[in-house]
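Trainee: Kindly generate the corresponding structure for this input.
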Amino acid sequence: MKILIIEDDSALRSELSVLLKNAGYDPVCAEMTEIPAQMINSGADLILLDINLPGTNGETLLQDFRKRSTTPVIMLTSRTSELDEVLSMSYGADDFVTKPYNPTILLLRISAVLKRSAKTGTAQTYHDAEVSTVRGSLTRGGNEQILTKNEMIIFQLLLDRIGEIVTRDELMTALWDNDEFVNDNALSVNISRLRAKLGELGFPDAIVTRKKQGYVLI
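Mentor: Residues are numbered from 1 along each chain as shown. Have a look, this model is predicted:
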């Protein structure tokens, strides 16, 4: 699998290249000129894109790139605000990793995104709503709801097992490698927000709680 690294810090760029090569990937480091063309023409299976780049902005690059390609993109950034994460995901990022990152966790994130990408080569739907893992969104009748990374992880797991009980422990496990510490209360908040967004699409009773067991997407 070829991975394009777009990072202006030469030390970090080299570190990422070695990490990916040792993990069995084919890393390619982008030049800091004509980045949009390199993103389109590299033939990469996944792109690691820094948000803070000289003379440009990774989120703007991503927004333009999404008009032409669905290649998975993981944003790398030292920013930690929820707004930056929401913007990146709304522009089409597949994941959002903050620096300094744990190498093992980054590799797990890369693997997860590549697996999702392979799995979602064809369009996914939930009833008559379109599910976009590229944009991290649900769309129904022109109404689009952007999901945060956590919400998308939860929804995808529930969708993969629609009609089955998914326990809170299973959901917590799926979220364990996130940058934000997810405890039981945080999981409840994410479920509540996801329910609200599904409600806005006309699915107010989509997620059913099974007390002491978990949740079911119906």
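
Trainee: When you work out contacts or count neighbours from here on, use the C-alpha atoms and nothing else.
Mentor: Will do.

Trainee: Give the residue spans of this protein that score low on pLDDT.
Mentor: Low-confidence regions of the chain, defined by pLDDT under 70, span residues 79-85, 87-88, 118-123, 134, 176-182.

Trainee: Packing partners of the helix or strand harbouring Leu171?
Mentor: If you go by DSSP states H and E, Leu171 is part of helix 168-175. Counting contacts by 3 or more CA pairs under 8 Å, 6 or more residues apart in numbering; DSSP states H and E, helix 168-175 is packed against helix 149-160.

Trainee: May I ask which helix or strand encompasses the closest residue to Ala23 other than its chain neighbours?
Mentor: Leaving aside its sequence neighbours, Ala23 sits nearest to Leu107 (CA to CA, 6 or more residues apart in numbering; 7.9 Å). Taking DSSP H and E as the definition, Leu107 sits inside helix 103-119.

Trainee: Quick check: what element follows that helix along the chain?
Mentor: Scanning the chain past helix 103-119 towards its C-terminal end, the next helix or strand to appear is strand 124-126 (assignment: DSSP H and E).

Trainee: Contacts for that next one next, please.
Mentor: Taking CA atoms under 8 Å, 6 or more residues apart in numbering as the criterion, the residues outside strand 124-126 that touch it are 130-132, 159.

Trainee: Could you list the domains of the chain?
Mentor: Under the assignment named as automatic domain parsing, the residue ranges that make up the domains of the chain are 2-119, 124-217.

Trainee: Let me have the ones you listed in CSV, extended by mean neighbour count.
Mentor: Formatted as CSV, those follow (neighbours: other CA atoms under 10 Å):
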stretch, mean neighbour count
domain 2-119, 17
domain 124-217, 16
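
Trainee: what residues are up against Ile110?
Mentor: Contacts here follow CA under 8 Å, 6+ apart; on that basis Ile110 touches Ile74.

Trainee: same question but for Leu49, I mixed them up
Mentor: Contacts for Leu49 were tallied using CA under 8 Å, 6+ apart; they are 5-7, 58, 73-76.

Trainee: Which two of those have the greatest separation?
Mentor: Using CA to CA, the contacts of Leu49 span at most 13.1 Å, a distance reached by Glu7 and Val73.

Trainee: Find the residues that touch each one of those two.
Mentor: When CA under 8 Å, 6+ apart defines a contact, the residues bordering Glu7 and Val73 alike are 48-49.

Trainee: what's the helix or strand for Asp205?
Mentor: Asp205 is part of no helix or strand, with elements assigned from DSSP H and E.

Trainee: is it true that Val97 touches Ile51?
Mentor: No: counting by CA atoms under 8 Å, Val97 stays clear of Ile51, with 10.5 Å between them.

Trainee: what is in contact with these two at once?
Mentor: When contacts are counted by CA under 8 Å, 6+ apart, Val97 and Ile51 are jointly contacted by 75-77.

Trainee: Just give me the closest of the residues you listed to Asp45.
Mentor: Nearest to Asp45 among the shared contacts of Val97 and Ile51, counting by CA to CA, is Met75 at 14.7 Å.
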